[in-house]
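Asker: give me the fold of what follows.
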Amino acid sequence: MATGLISHPDGHDRCWWPGLDPLYVAYHDTEWGVPELDDRALFEKLILDGFQAGLSWITILRRRDGFRRAFRGFEPEIIARFGEAEVEALMADSGIIRNRAKIVGTVRSARAYLAIQERGPGFSAFLWDFVDGRPLQGSARDRADIATETEVSRRLSKALKAEGFGFCGPTIVYAFMQAVGMVNDHLVGCCRHAPCAALPGPRGHAARSGPAA
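Answerer: You can find the predicted model right below:
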């Protein structure tokens, strides 16, 4: 018997991980697995996934507004200019996860992002090229069948590290790929699997499986 689906009061079956938390369910229903093509939004999500390391995503989600305020709307041009004074101010900000290594890593990542932007064609293209511009489609019916990292996430992780990004190991990168719709890992029985499968990436619709790639 497949496990991993939760039946909700609205009559829909959903992936297990948001439980019944309204904020988490809204994120599952409207953001997770939807192809994101915007450069800045992708940068924000990668940084937040790095902050999630060792924590649950709901912990970050509940602080997302605080992160956006503290990191100036996740505008890389601003973050790249942060110095010691800004880092110390962030370390005193209770609205975010106060981890010095991750804060300093965010500044380095902003500079790496700008370097990619400067040479073109942009951060979104850089990321989506790893899946040929088309979302990978997962086919898991059981939560145990969903990968935590793949060959693609390992390659992307290596490439991001080479560019100067921090906190982007293959497991973090795969969680990022799931969240921004580079791979559709909603369980097949989830009410969001089919709608996300119908959404195209920058070069069209998916044509191959995700975890096996």
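Asker: what is the burial count for Gly11?
Answerer: 7 (other C-beta atoms under 10 Å). (Glycine included, C-beta is placed from N, CA and C.)
Asker: return the backbone torsion pair for it.
Answerer: phi 90, psi 0 (degrees, to the nearest 10).
Asker: so the most centrally placed residue in the chain, which state does it fall into?
Answerer: The centroid of the chain falls nearest to Phe176 when counting by C-alpha atoms, centre = their mean (2.7 Å). Following DSSP: H, G, I helix; E, B strand; the rest coil, the label given to Phe176 is helix.
Asker: report how many residues lie close to Asp129.
Answerer: By the criterion of other C-beta under 10 Å, Asp129 has 14 neighbours.
Asker: ok, now which ones touch the closest residue to Gly164 other than its chain neighbours?
Answerer: Closest residue in space to Gly164, ignoring its immediate chain neighbours: Ala112 at 3.5 Å, by C-beta to C-beta, 6 or more residues apart in numbering. Counting by C-beta atoms under 8 Å, 6 or more residues apart in numbering, Ala112 touches 160, 163-165.
Asker: I figured the residue nearest to the centre of the chain was touching Lys45, is that so?
Answerer: Yes: when contacts are counted by C-beta atoms under 8 Å, Phe176 is listed as touching Lys45 (6.2 Å).
Asker: no further questions, thank you.
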